[in-house]
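Peer 1: Here you go, sequence then predicted model.
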Amino acid sequence: MKKLLLATAIAALSVSAANAAPTVYGKAFVAMNYVNAEADAEYNYSDINGNVVYSYSENVDENTVDINSHASRLGFKGSEAMTANTDVIYQLEYGIDVSGNNRTISSRDIFLGVNNKQFGEFRAGRNQSTLARIDNVVVNQGYFDNLGNNDMENDVVKGLNMADSGRINSSVIWTAPKYQGLPLQFSAMYSAEDQEEGKDDGFGAALMFDQGTGFTAGVAYDKDQNIEGDIVRGTATVDLAKYMAAPVTLGALYQVADYDFAGSKKEKGLVVSAEMPLTNFARPASIYTQYNKTDNLGGWDNVNSDQIVVGGKYMYKDNIIAHAYAGMNNADADGSMSSSEPGFLATYRADAEVFVIGTGLEYKF
């Protein structure tokens with residue numbers, strides 16, 4: 001009898017330890033990119049009489065082949081029951097550079113929280129802002145894999161697209177439980193003042209509609225999180241294969257960013273995308289295209305950019321994916337912004353062009 005009790009206790013401890021063990025996951029994505037970037041930029045800060053108080057200019061001419069790591073990461077995540085209705089949840093995710101160009105480990109999503117069947121999920125730590133909760137439109141991979149900054153080291157040609165969703169330090173995000181099976185997912189976020197980055201308290205919210213019929217729609221808002229100011233974002237996607245004989249998924253995103261600093265204009269951004277699976281391959285494959293347009297980039301009047309990317313991917317296995325893509329971004333700037341100091345004016349003139357062809361291999365584990 002004692003041996004049976006001991007065996008039962010050991011089995012129970014083993015199950016408990018297994019439940020508490022974290023899941024180790026990650027991905028390595030390495031690509032070879034041919035990059036041709038040219039830019040001429042000039043910034044002047046003048047008084048009302050046109051006298052230049054401060055001036056800055058830079059010329060960029062890069063023509064190179066780079067080996068880059070794109071969003072490679074290593075993470076640990078898991079959960080453990082506290083009560084019958086509540087679990088502790090956690091995630092520790094770190095960005096790594098597989099190419100070795102940057103040997104610094106960066107923090108990505110890092111949080112500790114609870115998930116309650118009645119009250120929803122709470123995460124506290126470093127979280128993606130609520131804007132990301134509705135972002136299912138971006139199809140770009142590799143070098144152009146987001147809305148905002150690309151991988152250029154030079155600041156003149158680095159940020160050539162609209163403000164993007166980022167990870168917010170000292171933040172709490174709540175995901176509400178679904179109400180009576182309605183196809184709506186609501187999230188709300190609060191972030192504490194970040195003195196290191198000069199950010200005030202911020203907040204955000206997002207609502208996503210998805211009833212599993214091939215159509216989704218989302219709207220999100222944040223204040224003083226990704227920028228000093230407000231961002232409103234709306235998205236919609238439709239899988240045409242659900243409605244007609246056209247195996248294409250279309251997506252559209254529209255965003256308005258209203259910066260707080262004096263003299264700024266509202267930045268307006270548009271993204272449209274399309275992805276189509278290919279059926280004449282032994283393994284799953286697809287091709288895609290995405291167009292980005294940004295007006296009043298960074299809040300500067302008459303600073304605009306256009307970007308077009310085409311690409312494809314082939315899945316040797318579910319976790320081994322080959323990528324190929326090509327894209328170009330053109331930015332044209334002849335803008336101005338009045339200063340918070342009366343009688344002063346900032347002007348910015350620049351022309352930038354970035355052309356990239358890349359191919360890479362992604363491995364997930």
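Peer 2: Sure, I can see it. Numbering: from 1, shown residues only.
Peer 1: Summarise which helices and strands the helix or strand containing Asn115 is packed against.
Peer 2: For Asn115, the host element (DSSP states H and E) is strand 106-116. Contacts defined by 3 or more CB pairs under 8 Å, 6 or more residues apart in numbering; DSSP states H and E place strand 106-116 against strand 73-81, strand 86-95, strand 120-128, strand 167-175. Using the backbone N, CA and C atoms, a C-beta is placed for each residue, glycine as well.
Peer 1: what bits of the stretch 101-250 of the chain have low per-residue confidence?
Peer 2: 147-159, 195-198 (pLDDT under 70).
Peer 1: Mind jotting down where the strands sit in it?
Peer 2: 106-116, 120-128, 167-175, 184-191, 202-210, 215-223, 229-239, 249-259 (DSSP state E, counting those that start in this stretch).
Peer 1: Make CSV out of the ones you listed and add distance to Asn51.
Peer 2: Output for these, formatted as CSV (distance: least, CB to CB, whole Å):
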stretch, distance to Asn51
strand 106-116, 43
strand 120-128, 45
strand 167-175, 41
strand 184-191, 41
strand 202-210, 38
strand 215-223, 37
strand 229-239, 30
strand 249-259, 26
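Peer 1: Out of those strands, the one nearest Ala331 is which?
Peer 2: Within the strands of the stretch 101-250 of the chain, the stretch nearest Ala331 is strand 249-259; the backing value is 16.4 Å (CB to CB).
Peer 1: Now the element after the closest one, going C-ward?
Peer 2: Past strand 249-259, the next helix or strand by DSSP H and E is strand 267-278.
Peer 1: Now find how far off-centre that next one is within its chain.
Peer 2: Computed by CA atoms, centre = their mean, to the nearest Å, the chain-centroid distance of strand 267-278 equals 14 Å.
Peer 1: Report the buried residues of the helix or strand following that strand.
Peer 2: Going down the chain from strand 267-278, the next helix or strand is strand 285-295, by DSSP H and E. Buried residues in strand 285-295, defined by neighbour count with 16 or more other CB atoms under 10 Å: Ala285, Ser286, Ile287, Tyr288, Thr289, Gln290, Asn292, Lys293, Thr294, Asp295.
Peer 1: Check stretch 205-225 too.
Peer 2: For stretch 205-225, using 16+ other CB under 10 Å, the buried residues are 205-208, 210, 216, 218, 220-225.
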